[in-house]
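A.B. asks: Sequence and predicted structure are below.
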Amino acid sequence: MARKHSRRFRKAAEKVEAGKRYPISEGIALLKSLPGAKFDEAVDVAVRIGIDAKKTEQLVRGSVSLPKGTGKSVKIAVFAEGDRAKEALEAGADFVGGADLADKIDKGFTDFDMTIASPDMMKYVGKLGRVLGPQGKMPSPKAGTVTPNVAAAVREFKAGKIEFRTDAGANVHAAIGKRSFAAGDLESNLVAFLEHLRTLRPAQAKGAFFRKVVVSTSMGPGVALAFE
């Protein structure tokens, strides 16, 4: 059954030219000009990349610090003990623990956006794959969320660092700010994200790496961008 869009969405979609790929500045300006929701929507980017998502060695995962932040408050759970746990709390971590935190999560607690762990805590975290994996919250060295310096990681992610990974359709999704951001700030975040993503191109990838780049607000239509 086709999704029924709101009158506001349909009105916004009419302003987006079908099949056109807008220059970044023009596309961001268009996005901000569209009829908005009654709350400050997130601005997201979806990038279809030229990989075979069925091949593990071609999957892309990482993290990048957005120069203008995300405008979002991030809840972080940290696996650490001793001095590292104390430092994580001082850096702004929302939940900190070891075996106790693992047990709590295993029983269903997932009221956080991401997980950071010191390497020695993976003995606890490794058992939580079935809970954290499907939610995209499993820490990883590639994403910078398994690190001995958990306090620095907490500060970076609280300040606007984001995680991303390819999905089954070879798409990478990321939040790059809020609708209320200045157009120039959204553009700066978008370009920083795309340029970093380009550096992660697998050696096995063939042809154009960026197949399609689309930006949208939480409740709005997508705007395709020209980005080589």
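C.D. replies: It's in. Residues are numbered from 1 along each chain as shown.
A.B. asks: the strands in this protein, which residues?
C.D. replies: Ranges of strands within the chain are 42-49, 61-65, 76-79, 95-97, 114-117, 161-165, 171-178, 210-217, 223-225, based on DSSP state E.
A.B. asks: Can I get the first one in CSV? Just the C-alpha atoms.
C.D. replies: It refers to strand 42-49. Extracted in CSV, the C-alpha atoms of strand 42-49 (Å, rounded to 0.1, in the frame of the first residue of the first chain):
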residue,chain,number,x,y,z
ALA,A,42,16.8,17.2,11.2
VAL,A,43,18.5,17.5,7.9
ASP,A,44,19.7,14.1,6.6
VAL,A,45,21.9,13.0,3.7
ALA,A,46,21.6,9.7,1.9
VAL,A,47,24.4,8.6,-0.4
ARG,A,48,24.2,5.5,-2.7
ILE,A,49,27.7,4.4,-3.2
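A.B. asks: how close does the residue positioned nearest the centre of the chain sit to residue 70?
C.D. replies: In the chain, the C-alpha nearest the mean C-alpha coordinate belongs to residue 174, at 3.6 Å (C-alpha atoms, centre = their mean). Noted for residue 174: a distance of 9 Å to residue 70, by C-beta to C-beta, to the nearest Å. All C-beta spots, glycine's among them, are computed from the backbone N, C-alpha and C.
A.B. asks: could the strands of the chain go into TSV alongside mean pLDDT?
C.D. replies: Converted to TSV, the strands of the chain look like this (pLDDT from 0 to 100):
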stretch	mean pLDDT
strand 42-49	96
strand 61-65	92
strand 76-79	98
strand 95-97	97
strand 114-117	97
strand 161-165	92
strand 171-178	95
strand 210-217	96
strand 223-225	96
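A.B. asks: so which of those gets nearest residue 146?
C.D. replies: strand 114-117 (5.4 Å; C-beta to C-beta).
A.B. asks: Can you name the residues in contact with that closest one?
C.D. replies: Strand 114-117 has contacts (C-beta atoms under 8 Å, 6 or more residues apart in numbering) with 74-80, 88, 93, 125, 132, 137-139, 145-147, 150, 153-154, 157, 163.
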